[in-house]
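Novice: structure for this input, please:
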Amino acid sequence: MGSYLKDFSDVKPKNSTEEALQRWRNACWLVKNRKRRFRFTANLSKRFEVREIQKSNQEKLRVAVLVSQAALSFIQSISYSVPGDVKGAGFDIDADELGSIVEGHNSRKLKVHGGVEGLVGKLSTSVDNGIDNSVEALSRRREVYGINKFVESPTKGFWLFVWEALQDTTLMILAVCAVVSLIVGIATEGWPKGAHDGLGIVASILLVVFVTATSDYKQSLQFKDLDKEKKKITVQVTRNGYRQKISIFDLLAGDIVHLAIGDQVPADGLFVSGYSLLINESSLTGESEPVNVSVENPFLLSGTKVQDGSCKMLITTVGMRTQWGKLMATLSEGGDDETPLQVKLNGVATIIGKIGLFFAVITFAVLVQGLFSKKMIQGTIWSWSADEALEMLEYFAIAVTIVVVAVPEGLPLAVTLSLAFAMKKMMNDKALVRHLAACETMGSATTICSDKTGTLTTNHMTVVKACFCGKVKEISSSMKKSAFCSDIPDSVVTMIQKSIFNNTGGDIVLTEDGKIEVLGTPTEAALLEFGLFLGGDFKAERLASKLVKVEPFNSEKKRMGIVLELPGDCFQAHCKGASEIILSACDKTLNSAGEVVPLDEKSYNYLNDTIEQFANEALRTLCLAYKDIVGDYKADSPVSFEGYTLIGIVGIKDPVRPGVKESVAVCRSAGIMVRMVTGDNINTAKAIARECGILTDDGLAIEGPDFRMKSDEELQEIIPKLQVMARSSPMDKHTLVRHLRSTFQEVVAVTGDGTNDAPALHEADIGLAMGISGTEVAKESADVIILDDNFSTIVTVAKWGRSVYVNIQKFVQFQLTVNVVALIVNFSSACLTGQTPLTAVQLLWVNMIMDTLGALALATEPPTNDLMKRIPVGRKGNFISNAMWRNIFGQSIYQFVVIWYLQTAGKAAFRLHGDNSDLILNTIIFNSFVFCQAFNEINSRDMEKINVFKGILDNYVFVGVLSSTVVFQAIIVEFLGTFATTHPLTWQQWLASVLIGLLGMPIAAAIKMIPVGSR
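Specialist: Okay, here's the model as predicted:
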């Protein structure tokens, strides 16, 4: 089948070209309902609109900057009057004026209003304390400046889904047939007898439409809930003098927001203070070159990302007044890329649809030819009665219904149904799927490249060991400062506090109830808590000197540095980071008396051994160092990374998460290799990896710098054995992922939390970002967000991914069996007997069983632990496996033989005589056929195992669908005969129908024992 799916095989799990997405759409020419088939696919025209808006934004910004620069000399001619309602609310500038300043990068207007400080006053806010948090003050601010929410497309109501379900071309044709049948029938046979056939078709169409609409409507609600979760972003603001986290949707003009590397700018605003701030505006303008934002260029635009540095910003414009708000309104309509499985099944549906259309045309031709032959024999070829016209109409309706059954519209939609179900359940399991395809791809994953900190470990860090003045000391929660500092000079303790409290990306704040709260990454928080343990005063230490330069922590350099201006116009640089890197930059240390002494070989070896000892105890090690800068220093001058004085080494404990070892073992049994990729010391990494069960006796651990030096030939040899990579840079991770995917054809899942992890997350088949420790940039690049940062959740995602894949396989097997049998039975009967055993109404009911109801029953099976005992499908596995073909053909042959036997020998077998014998036989055939499908639905619960009843009662949806099918079948046969062309059956005939269906189960079990290849 692969050669027929050429146009459907170019779509990748992520980053597909628009040409590939357009190509498969063009190849789907046989579609019953375009609105429904393409509902959960990308809107390519909307994406084009987004690119045009980005180009327009880029041009606007360029022009605005040029105009603003040219007009600075005319500042005196600009005047502004405050609207009365704004003045009455307590503000001195309105929303439109604010918007024109930031969006237009209008420096002249900014100067007219007194710069950033002037706007702070006009917005009735404070740089240090933020806005007043009282309900009344917030309400006034909302009224004047608006809220930070974007206009979204309204939720589709249920009746809109009903209308879309009615757009099915084949159902429209059948509706026309029903109307004609009603008119002719009533005209010839009167009411109500002449209306039965037409009303039967109308009722069947309405039933199909309402069941389909209900299923689609529920799916849309699930996706809506997931979209809400994706948009949940929190930011840190200062209000009423207190730092707090709030949702970006609660931001208001005048808020003071704190941004760090990896954050998304939550609204338009102005730079107040900060260091080394680089902003990536590509999401807004399409321009990838980062922009340096400072006091000279203070404009910050909503939706852009902090690539480097940190800052405090003043919010000026929110919601739909921002360019990002206008862009989001269009971007939200662009949709998610369709998944490869959706596209492949669209291809399968198209091929089968073509075959079905061919059979429908032939069936219609054979039936019409039979009618014409009969009339020619009777010599009435030119004389047509109303009954014969109705018979011709019935033939046409049967042909159209064969197309309804033959085009498996439910195949690609079952993927969406299964993914929607899985995504909703995964939310409960702490995994937020951002892209549909990731859920599907994760089931094929063969390798997981995991971070250590926060994923394999708890991310609750504490300093438990330290080495100062050549002495190693342990720290416990019950220890007092006096005991720890007893033999450490006061000058050294002061230097430790100065280094920790100034050289940090964290903060220590007072909460509204007067408690001390430590903010920042777990590593920063551990160091700040250690500084407090030493009796330090964070605010006093920060006020004692002035920060001149900040180099934020960078996973490339693996260090953070600052320059302080001390009293007396002298400067001091402080540095902290990876122990061996900082130690290599030191040539001095502090002795037991607190004096600066040269770092001789003996001391260097002692310190190196101490680092190794800490690392072997699975501690994260950091070194603190400083150096005095001789002479004058300017903020833009670089600080040479040498000549530092070592203050000390700290060992930070980050325990392994409970359950990680078991989860790694589950991965190993599932054929998924887990590799640890970390920036930590190699000994720390190896100790943790052994504790987790990742590093085995025959496994390899390597450092990033060594990995970088290897040739392609050497990488080919070491990567299969590589289990731990320590001291790795983001590019090392990217290189490893690229080699695993391209050279070894692995399906790779990668975890990441930092901004620099974005390239590897983007390159991987599945990017997994951390929900707690992850930056907004990392989350934006990821396919799945692990909300609890737990490795065990990643294994759950893999299990759900496999469940989705297998569930869709089950449904495809079930539906293709019904397709094959329904097609062959109707076609062969038409050719050999001149009539079909299944009427249009009956075929519509069968279509609903196999399409919407079948998808509900089979595509929503919850995952079992057995799924993680199979080897992964990998990159080259066939979706329709040999086992599936075996089951499809085996079951189809059985069902066809049974139905054919009933057609040819059914009257004799059931001793049927009289006028109703044909109607009763056709009812038995219809009933047996439906029960064959009901029991085959149970068979399809497992494609390999004979016991298909395991866990059946745990799946309420499956039991409910199966029960409803049986109950409704009984109603159709016993009570709706005039509409469905059926006749009530005796209990013996019912028993025979059920036994014929039931016999399919032992036959299916026997078929499963036939060995086939794994592909």
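
Novice: could I get the full set of helices for the stretch 101-250 of the chain?
Specialist: 107-112, 115-122, 135-145, 158-165, 169-189, 196-230 (DSSP state H, counting those that start in this stretch).

Novice: which of the ones you listed has the lowest average pLDDT?
Specialist: Here the helices of the stretch 101-250 of the chain differ in mean pLDDT, and the lowest is helix 169-189 at a mean of 71.

Novice: circling back to that earlier point, how about the helices of the stretch 101-250 of the chain, which one is nearest residue 589?
Specialist: With C-beta to C-beta, the closest approach to residue 589 among the helices of the stretch 101-250 of the chain belongs to helix 115-122: 43.8 Å. Heads up, the C-betas are built off the backbone N, CA and C, glycines and all.

Novice: for residue 432, helix, strand, or coil?
Specialist: Per DSSP: H, G, I helix; E, B strand; the rest coil, the secondary structure class of residue 432 is strand.

Novice: reformat the helices of the stretch 101-250 of the chain as a markdown table; add distance to residue 763 and mean neighbour count.
Specialist: Formatted as a markdown table, these follow (distance: least, C-beta to C-beta, whole Å; neighbours: other C-beta atoms under 10 Å):
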| stretch | distance to residue 763 | mean neighbour count |
| --- | --- | --- |
| helix 107-112 | 40 | 18 |
| helix 115-122 | 40 | 17 |
| helix 135-145 | 41 | 16 |
| helix 158-165 | 38 | 18 |
| helix 169-189 | 42 | 18 |
| helix 196-230 | 22 | 18 |
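
Novice: reformat those helices as CSV; add distance to residue 794.
Specialist: Shown next, in CSV, are the helices of the stretch 101-250 of the chain (distance: least, C-beta to C-beta, whole Å):
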stretch, distance to residue 794
helix 107-112, 47
helix 115-122, 44
helix 135-145, 40
helix 158-165, 35
helix 169-189, 44
helix 196-230, 18
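
Novice: among those helices, which comes closest to residue 364?
Specialist: So among the helices of the stretch 101-250 of the chain, helix 169-189 is nearest, using C-beta to C-beta, at 12.2 Å.

Novice: coming back round to it: out of the helices of the stretch 101-250 of the chain, nearest to residue 361?
Specialist: helix 169-189 (13.7 Å).

Novice: quick one, phi/psi of residue 294?
Specialist: phi -150, psi -170 (degrees, to the nearest 10).

Novice: tell me which of the helices of the stretch 101-250 of the chain approaches residue 99 most closely.
Specialist: Closest among the helices of the stretch 101-250 of the chain, once you apply C-beta to C-beta, is helix 135-145, at 9.5 Å.

Novice: excluding its own residues, what touches the closest one? List them.
Specialist: The set of residues external to helix 135-145 that reach it, using C-beta atoms under 8 Å, 6 or more residues apart in numbering, is 85-86, 89-91, 94-95, 98, 131-132, 252-254, 317-318.

Novice: and that helix, how far out from the chain's middle?
Specialist: 36 Å (C-alpha atoms, centre = their mean, to the nearest Å).

Novice: just stretch 714-725 next, same as before
Specialist: Worked out by C-alpha atoms, centre = their mean, stretch 714-725 lies 29 Å from the chain centre.

Novice: pLDDT below threshold where in the stretch 701-850 of the chain?
Specialist: 755-756, 834 (pLDDT under 70).

Novice: all strands of it, in order?
Specialist: Counting by DSSP state E, counting those that start in this stretch, the stretch 701-850 of the chain has strands at residues 722-726, 748-752, 766-770, 784-786.

Novice: turn those strands into JSON lines, including distance to residue 826 and mean neighbour count.
Specialist: Putting the strands of the stretch 701-850 of the chain into JSON lines (distance: least, C-beta to C-beta, whole Å; neighbours: other C-beta under 10 Å) gives the following:
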{"stretch": "strand 722-726", "distance to residue 826": "58", "mean neighbour count": "23"}
{"stretch": "strand 748-752", "distance to residue 826": "46", "mean neighbour count": "29"}
{"stretch": "strand 766-770", "distance to residue 826": "44", "mean neighbour count": "29"}
{"stretch": "strand 784-786", "distance to residue 826": "45", "mean neighbour count": "26"}
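
Novice: of these, which is nearest residue 241?
Specialist: strand 766-770 (30.9 Å).

Novice: the closest one pairs with which strands, and in what direction?
Specialist: Using DSSP bridges, the strands paired with strand 766-770 are strand 748-752 (parallel), strand 784-786 (parallel).

Novice: with only the CA atoms kept, save it in PDB.
Specialist: What follows is strand 766-770, C-alpha atoms only, in PDB (Å, rounded to 0.1, in the frame of the first residue of the first chain):
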ATOM      1  CA  ILE A 766       9.400  14.800  20.900                       C
ATOM      2  CA  GLY A 767      10.500  17.800  23.000                       C
ATOM      3  CA  LEU A 768       9.600  17.500  26.600                       C
ATOM      4  CA  ALA A 769       9.700  20.800  28.600                       C
ATOM      5  CA  MET A 770       9.600  21.000  32.400                       C
END
